[in-house]
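S.K.: Need the 3D shape of this:
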Amino acid sequence: MLIQTEDLWKTYVMGIEELHALRGVSLAVAKGEYLAIMGPSGSGKSTLMNLIGCLDTPTKGLYYLNDQKVSDLNDDELARIRNKEIGFVFQTFNLLPRATALHNVELPLIYNGTDSATRRERARSALASVDLADRMGHKPNELSGGQRQRVAIARALVNNPSILLADEPTGNLDTATGVDIMNLFDKLHVKGHTIIMVTHERHIADRAQRVVHILDGKIEREEHRAGRVRHEAV
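M.R.: Below is the predicted model of the structure:
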């Protein structure tokens with residue numbers, strides 16, 4: 001398994017009270033799987049995403065990523081795992097406003113010390129893979145919302161991560177543009193990428209092979225939806 005969590009808990013201490021954001025979540029995700037995590041606000045889905053994305057550590061329980069135990073790593077070790085293994089796509093794009101699309105995509109490679117020539121070549125290739133070869137020199141304010149999200153997806157892909165982790169990736173997009181972005185995720189999945197998508201929208205979750213429903217910090221139920229992933233051309 002690419003991801004294996006066992007009895008994962010996350011507890012926040014607030015004064016004399018304890019808030020259990022996750023309550024013993026055990027989850028396995030295979031390489032190449034397309035998984036959606038659904039749940040209402042406060043259900044724990046964002047907390048689970050943060051733990052899977054190595055943005056936080058569990059209070060107790062085990063988390064293995066690519067057979068490496070990451071649940072007890074320190075912040076520096078988690079940062080290295082994030083940069084190597086996980087590509088993030090956020091609702092708000094998180095692009096540098098004064099940087100070109102090419103430079104935004106290069107950023108993860110700058111952080112890991114890749115030389116400039118290799119960096120530029122890989123960033124160009126990532127932008128081409130999301131059909132933005134003709135927008136490499138444009139800054140975010142010169143791009144549409146859908147194009148900005150494509151830049152963010154290219155940035156997430158540039159390190160060839162084990163997991164593409166998307167948090168409400170169509171939340172700031174109109175309906176037609178959102179469909180376009182979801183078609184792109186379908187295309188990436190067909191190419192073999194492992195995708196984990198956090199969403200509260202049913203029609204977005206329906207794109208995935210499997211839907212995990214989180215409620216009150218626990219997995220409430222799962223749906224297996226083999227054959228439901230759409231493969232429209234982008």
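
S.K.: Let's verify the residue nearest to the spatial centre of the chain: helix, strand, or coil?
M.R.: Residue closest to the average C-alpha location in the chain (CA atoms, centre = their mean): Leu165, at 1.1 Å. Under DSSP: H, G, I helix; E, B strand; the rest coil, the three-state class of Leu165 is strand.

S.K.: What residues does it make contact with?
M.R.: Contacts for Leu165 (CB atoms under 8 Å, 6 or more residues apart in numbering) come out as 49, 52-53, 86-89, 156, 196, 198. (Glycine included, C-beta is placed from N, CA and C.)

S.K.: now with 10 Å?
M.R.: 37, 49-50, 52-55, 82, 85-90, 156, 194-198 (CB atoms under 10 Å, 6 or more residues apart in numbering).

S.K.: Okay, and which of those residues map to strands?
M.R.: Within these, residues falling in strands by DSSP state E are 37, 86-90, 194-198.

S.K.: Adding neighbour count and pLDDT as columns, could you present the residues you listed in JSON lines?
M.R.: Conversion of these to JSON lines gives the following (neighbours: other CB atoms under 10 Å; pLDDT from 0 to 100):
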{"residue": "Ile37", "neighbour count": "27", "pLDDT": "96"}
{"residue": "Ile86", "neighbour count": "20", "pLDDT": "95"}
{"residue": "Gly87", "neighbour count": "27", "pLDDT": "95"}
{"residue": "Phe88", "neighbour count": "20", "pLDDT": "94"}
{"residue": "Val89", "neighbour count": "24", "pLDDT": "94"}
{"residue": "Phe90", "neighbour count": "17", "pLDDT": "90"}
{"residue": "Thr194", "neighbour count": "21", "pLDDT": "96"}
{"residue": "Ile195", "neighbour count": "25", "pLDDT": "97"}
{"residue": "Ile196", "neighbour count": "25", "pLDDT": "97"}
{"residue": "Met197", "neighbour count": "26", "pLDDT": "96"}
{"residue": "Val198", "neighbour count": "26", "pLDDT": "94"}
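
S.K.: Using CSV, write out every CA atom in stretch 36-46.
M.R.: The C-alpha trace of stretch 36-46 is given here as CSV (Å, rounded to 0.1, in the frame of the first residue of the first chain):
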residue,chain,number,x,y,z
ALA,A,36,-12.3,11.3,-2.5
ILE,A,37,-12.7,12.2,1.2
MET,A,38,-16.0,13.8,2.0
GLY,A,39,-17.5,15.2,5.2
PRO,A,40,-19.3,18.3,6.6
SER,A,41,-17.5,21.2,8.1
GLY,A,42,-15.8,20.1,11.3
SER,A,43,-15.9,16.4,10.4
GLY,A,44,-12.2,15.9,10.5
LYS,A,45,-11.5,15.6,6.8
SER,A,46,-9.1,18.6,6.7
